[in-house]
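1. the following block contains a protein sequence and its predicted model.
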Amino acid sequence: MVRWGILPVLAGLVAAGASAPAHAGEADVVGVQATSDSGDTWRFDVTVAHGDTGWDHYADRWDVVGPDGKVLGTRVLVHPHEAEQPFTRSLGGVFIPPDVREVTLRAHDSVHEYGGREMTVPLPR
């Protein structure tokens, strides 16, 4: 009798899990190419992976961050990329102070904000 009483509860839990929305997780930086444009101005080609599910949950920007935590540049992503994963976008004209030898790239999404995988890259000077 007890066994039959627990089966509807288990079936309910399984059904609830099956109907839960897909979890897109946090946005991850999975690739970076840094190129000196001229002097202390740099271009960044950044590849981001995120399970975009539409306008309610998508990777909406990435940042170039100096060793002191200061944001040196931001690339705004103006729409979801559900059908293009991972995707690469570029940002040029980023001034990097001459004493900065490496930067960190981090991605942001519209639900979790920051927290995904970041990449720190050396700047060949």
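-> Perfect, I can see it now.
2. can we go C-alpha only for contacts and neighbour counts from here?
-> Will do.
3. OK, contacts around the residue positioned nearest the centre of the chain?
-> Of all residues in the chain, the one closest to the mean position by C-alpha atoms, centre = their mean is Ala27, 2.5 Å from it. If you count contacts by C-alpha atoms under 8 Å, 6 or more residues apart in numbering, Ala27 has them with 48-51, 59, 107-109, 114-117.
4. pull out the buried residues from the residues you listed.
-> Among these, those buried by neighbour count (16 or more other C-alpha atoms under 10 Å) are 48-51, 59, 107-109, 114, 116.
5. how about the strands of the protein, start to end?
-> Taking DSSP state E, the strands of the chain run over residues 28-38, 41-49, 59-65, 71-76, 87-95, 102-109, 119-122.
6. so Asp45 touches Val94, yeah?
-> No - in this structure, Asp45 sits apart from Val94 without contact. The criterion is C-alpha atoms under 8 Å, and the distance is 11.7 Å.
7. report pLDDT for the closest residue to Glu118 other than its chain neighbours.
-> With C-alpha to C-alpha, 6 or more residues apart in numbering as the measure, Arg106 is the residue that lies nearest to Glu118, at 4.8 Å, once sequence neighbours are left out. Model confidence at Arg106, given as pLDDT, is 97.
8. quick one: contacts for Arg106?
-> By C-alpha under 8 Å, 6+ apart, the contact set of Arg106 is 28-29, 62-65, 114, 116-119.
9. cutoff 10 Å now
-> Neighbour list for Arg106: 27-30, 46, 48, 61-65, 74, 114-120 [criterion: C-alpha atoms under 10 Å, 6 or more residues apart in numbering].
10. in the protein, where is pLDDT below threshold?
-> Judged against pLDDT under 70, the low-scoring parts of the chain cover residues 1-24.
11. can you count the residues close to the closest residue in space to Pro97 that isn't next to it in sequence?
-> Distance criterion C-alpha to C-alpha, 6+ apart; nearest residue to Pro97, sequence neighbours excluded, is Asp40 at 6.4 Å. Using other C-alpha atoms under 10 Å, Asp40 is surrounded by 15 other residues.
12. tell me the two of the buried ones among the contacts of Ala27 that are most distant?
-> Checked with C-alpha to C-alpha, the buried ones among the contacts of Ala27 reach their widest spread between Gly51 and Tyr114, with 14.6 Å between them.
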